[in-house]
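**Q** got a predicted structure plus its sequence, pasted below:
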Amino acid sequence: MASESNLNAGIEDGVRRRDFINIAAVSFAGVGAATVVLPLVNQMNPSADVLALSSTEIDISAIQSGQAIKTSWRKQPVFVRNLTPVEIAEAKKVPLSDLRDPQTLDERTKPGKENWLITLGVCTHLGCVPLGAAEGEPRGDYGGYFCPCHGSHYDTAARIRKGPAPKNLFVPPYEFNSDTVVTIG
Amino acid sequence: MSFPWAKNYEPQQPLMKWLDAKLPLPRLVYNAIGAGYPVPRNLNYFWNFGVLAGAALAIQIITGIVLAMHYAANAGVAFNSVEHIMRDVNAGWFLRYAHMNGASMFFIVVYLHIFRGLYYGSYKAPREMVWLLGVVIFLLMMATAFMGYVLPWGQMSFWGAQVITGFFSAIPAVGDPIRVWLLGGFAPDNAALNRFFSLHYLLPFVIAGVIILHIWALHIPGSSNPTGIEVKDEQDTVPFHPYYTAKDGFGLGVFLMIFVALTFFSPNLLGHPDNYIPANPLSTPAHIVPEWYFWPFYAILRAFTFNFLWIDAKLWGVIAMFAAIALLFFLPWLDSSPVKSSNYRPLNRIFFWILVVDVFILGYCGKSPAEQPYVILSQLCAAYYFAHFLIILPIISRIERPLPMPNSITEAVLAKNADASSAPATA
């Protein structure tokens, strides 16, 4: 079947039919390989059961002014703190120009609930749990949280003030269901 | 293999002749680590550490495969399965302690191997590829060791995983999604533990593969030697077997004695007691420390406590830590001196030892809490570490006057023997 003239068809312009077949075959195999890589990469992402844990309800009625609790959201620690009026005043008097990651206390709390400071308990440096939520733990040079791993100090609004951490403690998305119950996530 | 006078493999028995014609595996071994590989006659004991590293890897693979038969990679039971190995499995305590301390011994041997290369200029032409592959092996070892340390799922395991994967979140914009992708969650948990176990089982075999390339690349120019002078003729070399199989065998005996002494008498000396507390995602240990072999790099990571230029402190720390290792890839081109051995490089010899002291101080800082004076000390030592490779080494390799060198390996050996007439032994 494949006569000499067939094999050399089109050779006068420098492109053989076989070149087309080679390119087509390699392209087809390449697209196939890339398609297979996709699930191999994607399987690394959080699975459905991990994502299903993405909202948590917390009862905050027992937290007195000046106290904080540690709870857990998406397997990460969360700090819920009931700020004292002194701590609120302290957080408010800091000029934004002094801050590494400038944010006001109002931006970090809900309107009318500015005494409730809810943040992840995950240091933005390398992810340790800062100290300061439990009674008697050191609260750092700025009276908020102190991360013992690499010495990051957070202020009363959990904003980074000193040490290697680049960002303020992250405020997760949350809503007040009532005055005493919060849903995080 | 590398020299024309190398002995040729000549099988005598019919079976070996038959095998040689079908699959010349014995020939490969003969030419690689047998009488068919001519090696400089003057190697000292620092040339033992390549073989010792190979032995350490073999010990890790054997003990590791056995441990995997009893270990369960699930966040709910991992900690207890390690305790099950320690208490219930027959000889399980020995296998786990051997694996634990085997990792430390592997790193001790590899660090000596690396510093041998630094002192004797083993990274220089024509052996750049040997060095580059060695740095790749070192990186793979660090990844393997890190993931292995996570598996017992104790407090240090968990928080080590948290901190190390936290490095990736320093990458601008895509850092957090990458970290979540690596962990398969928002914090280390079952998904992360499982994949670390899978990779911890895989990577040693990748290391073994790269070791084969490392030895292959070595055997093209042949081994270096303490004088740094290349082999000129047959009298400069001896066959690897029996000369260096014997010398390496002796070194292996010493290595194993230290290894078993550590394993039997002080198995937790290099570990951390916090790792016998089950992982608790809500409570960070007061003082997170990595295993000792990461201390110098951990100190460099923590040395950046201030934002600098437009990059924040966290990203600087991570960049510096990876750069400290990546720098080694450029070493063959940073040091332009044609003289390899520091025995003939009076300036380089001094700065080599200063670097050794610097790395030890960094290690001490990495072990210590993140407070003064360790912060300033690690900043100074980290700066010196980079200065050594990027400033000092390029400069001294240009201005240094090397000492007079012998013409050949044989001349160096004979001159040394003439000096010490009471000690007739050669290498």
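**A** Okay, I see it.

**Q** going forward, measure contacts between C-alpha atoms and count neighbours the same way
**A** Will do.

**Q** tell me the contacts of residue 151?
**A** No chain in the question, so chain A it is. Going by Cα atoms under 8 Å, 6 or more residues apart in numbering or on different chains, A:Gly151 touches A:162-164, B:370-371.

**Q** the chain in question should be chain B.
**A** B:73, B:78, B:157, B:193, B:196-197.

**Q** how close does it sit to A:Glu137?
**A** Distance check for B:Leu151 against A:Glu137: by Cα to Cα, to the nearest Å, it reads 30 Å.

**Q** B:Val254 too?
**A** Distance from B:Val254 to A:Glu137, counting by Cα to Cα: 49 Å.

**Q** burial check on A:Gly112, number of neighbours?
**A** 8 (other Cα atoms under 10 Å in any protein chain shown).

**Q** quick one: which helix or strand includes it?
**A** Using DSSP states H and E, A:Gly112 maps to neither a helix nor a strand.

**Q** same check on B:Met141?
**A** helix B:128-150.

**Q** packing partners for that helix?
**A** helix B:155-166, helix B:190-219, helix B:313-334 (3 or more Cα pairs under 8 Å, 6 or more residues apart in numbering or on different chains; DSSP states H and E).

**Q** outside of the very next helix or strand once past the longest one, which residues touch it?
**A** Secondary structure here is assigned by DSSP H and E; on that basis, the next helix or strand after helix B:190-219 toward the C-terminus is strand B:237-239. Outside strand B:237-239, the residues within contact range by Cα under 8 Å, 6+ apart are B:6, B:34-41, B:231.

**Q** which other residues reach the helix or strand following strand B:237-239?
**A** Sequence order places helix B:245-265 as the next helix or strand after strand B:237-239, per DSSP H and E. Helix B:245-265 is contacted from outside by B:33, B:45, B:48, B:51-52, B:94, B:97-98, B:101-102, B:105, B:269, using Cα under 8 Å, 6+ apart.

**Q** export the residues you listed to TSV and tack on pLDDT, distance to A:Thr156 and secondary structure?
**A** Converted to TSV, the contacts of helix B:245-265 look like this (pLDDT from 0 to 100; distance: Cα to Cα, whole Å; DSSP: H, G, I helix; E, B strand; the rest coil):
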residue	pLDDT	distance to A:Thr156	secondary structure
B:Ile33	88	66	helix
B:Tyr45	95	59	helix
B:Asn48	95	58	helix
B:Val51	95	57	helix
B:Leu52	97	55	helix
B:Phe94	95	50	helix
B:Tyr97	96	46	helix
B:Ala98	96	48	helix
B:Asn101	96	45	helix
B:Gly102	96	47	helix
B:Met105	97	47	helix
B:Leu269	93	41	coil
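
**Q** in PyMOL, how would I select the buried members of those?
**A** Remark: buried members of the contacts of helix B:245-265, expressed as a PyMOL selection using 16 or more other Cα atoms under 10 Å in any protein chain shown:
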select buried, chain B and resi 33+48+51+52+94+97+98+101+102+105
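
**Q** go through the contacts of helix B:245-265 and say which is closest to chain A.
**A** The shortest gap between chain A and any of the contacts of helix B:245-265 belongs to B:Leu269, at 22.2 Å (Cα to the nearest Cα).

**Q** show me the contacts for that closest one.
**A** Counting by Cα under 8 Å, 6+ apart, B:Leu269 makes contact with B:Leu262.

**Q** around the closest residue to A:Gln103 other than its chain neighbours, count how many other residues there are.
**A** In space, and not counting its chain neighbours, A:Gln103 is closest to A:Leu96: 6.9 Å by Cα to Cα, 6 or more residues apart in numbering or on different chains. Using other Cα under 10 Å, A:Leu96 has 12 neighbouring residues.

**Q** list the residues that contact A:Leu96.
**A** Contacts of A:Leu96 by Cα under 8 Å, 6+ apart are A:102-104.

**Q** same question, B:Tyr276
**A** Contacts of B:Tyr276 were listed using Cα under 8 Å, 6+ apart, and they are B:154-155.

**Q** swap the cut-off to 10 Å and go again
**A** The contact partners of B:Tyr276, by Cα atoms under 10 Å, 6 or more residues apart in numbering or on different chains, come to B:79, B:82-83, B:152-157.

**Q** please apply the same query to B:Ile62.
**A** Taking Cα under 10 Å, 6+ apart, we find B:Ile62 in contact with B:56, B:95, B:99.

**Q** what helices or strands is the host helix or strand of the last one leaning on?
**A** Right, the one you point to is B:His99. Take DSSP H and E as the rule and B:His99 turns out to sit in helix B:92-120. If contacts are counted by 3 or more Cα pairs under 10 Å, 6 or more residues apart in numbering or on different chains; DSSP states H and E, helix B:92-120 sits against helix B:49-68, helix B:78-87, helix B:128-150, helix B:245-265, helix B:346-367.

**Q** for B:Ala125, give me phi and psi.
**A** phi -50, psi 140 (degrees, to the nearest 10).

**Q** quick one on the thing from earlier: closest one to B:Val339 out of the contacts of A:Leu96, please.
**A** A:Pro102 (55.0 Å; Cα to Cα).

**Q** state whether the closest one is indeed within a helix.
**A** No - going by DSSP: H, G, I helix; E, B strand; the rest coil, the assignment for A:Pro102 is coil, not a helix.

**Q** and the gap between the closest residue to it other than its chain neighbours and chain B?
**A** Nearest residue to A:Pro102, sequence neighbours excluded (Cα to Cα, 6+ apart): A:Leu96, at 5.4 Å. For A:Leu96, the distance to chain B (Cα to the nearest Cα, to the nearest Å) stands at 17 Å.

**Q** out of the contacts of strand B:237-239, who has the most neighbours?
**A** Going by other Cα under 10 Å, B:Pro38 tops the contacts of strand B:237-239 with 29 neighbours.

**Q** now the residue of the stretch 301-427 of chain B found nearest chain A: which helix or strand?
**A** Nearest residue of the stretch 301-427 of chain B to chain A: B:Thr305, at 4.5 Å (Cα to the nearest Cα). Of the helices and strands defined by DSSP H and E, none includes B:Thr305.

**Q** tell me, how many residues neighbour it?
**A** Using other Cα under 10 Å: B:Thr305 sits among 24 other residues.

**Q** correct me, but it touches B:Ala299?
**A** No - using Cα atoms under 10 Å, B:Thr305 makes no contact with B:Ala299, being 11.4 Å away.

**Q** the inter-axis angle of the helix or strand hosting B:Leu380 versus helix B:346-367?
**A** Using DSSP H and E, B:Leu380 maps to helix B:374-387. Between the axis of helix B:374-387 and that of helix B:346-367 there is an angle of 150 degrees, by axes from the mean of the first three to the mean of the last three Cα atoms, to 10 degrees.

**Q** just checking, what packs against helix B:374-387?
**A** By 3+ Cα pairs under 10 Å, 6+ apart, helix B:374-387 packs against helix B:295-303, helix B:313-334, helix B:346-367.

**Q** tell me which of these sits most buried.
**A** Across those, averaging neighbours per residue (mean count of other Cα atoms under 10 Å in any protein chain shown) puts helix B:295-303 on top, at a mean of 27.

**Q** what's the mean pLDDT across that helix?
**A** Averaging pLDDT along helix B:295-303 yields 90.

**Q** go on, stretch A:122-140?
**A** Rounded mean pLDDT across stretch A:122-140 is 83.

**Q** ditto for stretch A:173-185
**A** 86.

**Q** can you pull out the low-pLDDT segments for chain A?
**A** For chain A, the stretches flagged by pLDDT under 70 are A:1-12.

**Q** now render the helices and strands packed on helix B:128-150 as CSV, adding mean pLDDT.
**A** Shown next, in CSV, are those (pLDDT from 0 to 100):
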stretch, mean pLDDT
helix B:155-166, 90
helix B:190-219, 96
helix B:313-334, 91
